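A.B. asks: Just a sequence and a predicted model for now, questions to come.
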Amino acid sequence: MDIKSQSYAVEVEDLTVAYDAKPVLWDIDLKIPKGKLMAVVGPNGAGKTTLIKAMLGLLTPVSGAVRFINGRDGIHRLKNRIGYVPQSGSVDWDFPATVLDVVLMGCYGKLGWIKRPRKADVELARKTLQKVGMEEYASRQISQLSGGQQQRVFLARALVQQAEVYFMDEPFKGVDAQTEKAIVLLLKELKEQGKTVVVVHHDLQTVADYFDWVTLINLRVVASGPVGEVFHEDNLKKTYRSTGTLLRSAM
């Protein structure tokens, strides 16, 4: 597929990120076309979460640039058009907030932190909770939810932003099969709406079923493109540095 003629949701150029002078990502070049549902896969320590955070501006790279929406803008000018679902383990679930409060936080990018949510924002939040099957838990404290329920709430928070590009860091981690199925349906619905969704993913066996685009990384980008073209055993061996057949079950 020739992607030169496509418009891009995200462009990463010569991105290098280091922790304590040790490179974690090295010379990353990546172009993500609009309207794709993309998995980012690689072994533990490959830099998947670091890549997401660097693209979001949550980490300062040693070098390189990240541009959004046809290369016109950086993250700081587009925060209300970018949605983010972090890893569940990175969230303070003891924070005293109800489910509805958390979802309404997704509106603050447009409202600012001073203005109170409007009636329309509350209605949108409740509608989104219904969409993820969590409407009946609106008044419950987030600490009282199961892992799968918490993940649904943070997905709802991202959805109310009505963003153009979504980043999700292992949204299926620790959730039950029913929640995973519900999340997949929502991701595909976002794609059908023309949204771009970038997902850090660890289950190789579901890549072809869930996604249409994939980026394989291990400190560097090994390959990126349509699943049917780049998600094959040779690239997986390069990514996971395996000379055996441990990845064949994923194909």
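C.D. replies: Cool, got the structure.
A.B. asks: Give me the residues contacting the strand or helix carrying Phe167.
C.D. replies: Assigned by DSSP states H and E, Phe167 falls within strand 165-169. Applying Cβ atoms under 8 Å, 6 or more residues apart in numbering, the contact partners of strand 165-169 are 9-10, 48-49, 52, 55-56, 68-69, 81-87, 90, 155, 158, 187, 190, 195-200. Backbone N, C-alpha and C define where each C-beta goes, glycine included.
A.B. asks: partners of it, with directions?
C.D. replies: Applying DSSP bridges to the sheet, strand 165-169 is found paired with strand 82-85 (parallel), strand 196-200 (parallel).
A.B. asks: Looking at those strands, which one is packed in the most?
C.D. replies: Highest mean neighbour count of these: strand 196-200, a mean of 25 (counted as mean count of other Cβ atoms under 10 Å).
A.B. asks: following that strand, which helix or strand comes up?
C.D. replies: helix 207-210.
A.B. asks: average model confidence for the strand holding Phe167?
C.D. replies: Average pLDDT, strand 165-169: 94.
A.B. asks: In the protein, mark out all the helices, start to finish.
C.D. replies: 48-55, 99-104, 108-111, 119-131, 147-159, 177-192, 207-210, 227-230, 233-240 (DSSP state H).
A.B. asks: Buried residues, the last one. List them.
C.D. replies: If you call a residue buried by 16 or more other Cβ atoms under 10 Å, then helix 233-240 has these buried ones: Asn235, Leu236, Lys237, Thr239, Tyr240.
A.B. asks: For that helix, which helices and strands make contact with it?
C.D. replies: Counting contacts by 3 or more Cβ pairs under 8 Å, 6 or more residues apart in numbering; DSSP states H and E, helix 233-240 packs against strand 213-218, strand 220-226.
A.B. asks: what comes up buried for the strand holding Phe167?
C.D. replies: Result for strand 165-169 [16+ other Cβ under 10 Å]: buried residues Val165, Tyr166, Phe167, Met168, Asp169.
A.B. asks: do stretch 178-198 as well
C.D. replies: Here stretch 178-198 shows 179-180, 182-184, 186-187, 190-191, 195-198 as buried, counting by 16+ other Cβ under 10 Å.
A.B. asks: Over to stretch 49-65?
C.D. replies: Those would be Thr49, Thr50, Leu51, Ile52, Lys53, Ala54, Met55, Leu56, Leu59, Pro61, Gly64, for stretch 49-65 by 16+ other Cβ under 10 Å.
A.B. asks: Below-threshold pLDDT in the protein: ranges please.
C.D. replies: 1-6, 70-80, 89-93, 108-117, 242-251 (pLDDT under 70).
A.B. asks: which one of the buried residues of stretch 178-198 sits closest to Gln205?
C.D. replies: Among the buried residues of stretch 178-198, Glu180 lies closest to Gln205 (Cβ to Cβ), at 12.4 Å.
A.B. asks: circling back to that earlier point, figure out which of the strands paired with strand 165-169 is closest to Val122.
C.D. replies: Proximity to Val122 (Cβ to Cβ) singles out strand 82-85 among those, at 18.9 Å.
A.B. asks: what's Phe211 in contact with, if anything?
C.D. replies: Leu37, Met38, Ala39, Val199, His201, Val227.
A.B. asks: can I get these in CSV with distance to Trp26?
C.D. replies: Putting the contacts of Phe211 into CSV (distance: Cβ to Cβ, whole Å) gives the following:
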residue, distance to Trp26
Leu37, 26
Met38, 20
Ala39, 21
Val199, 22
His201, 21
Val227, 24
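A.B. asks: List only buried entries from the residues you listed.
C.D. replies: Applying 16+ other Cβ under 10 Å to those flags Leu37, Met38, Ala39, Val199, His201, Val227 as buried.
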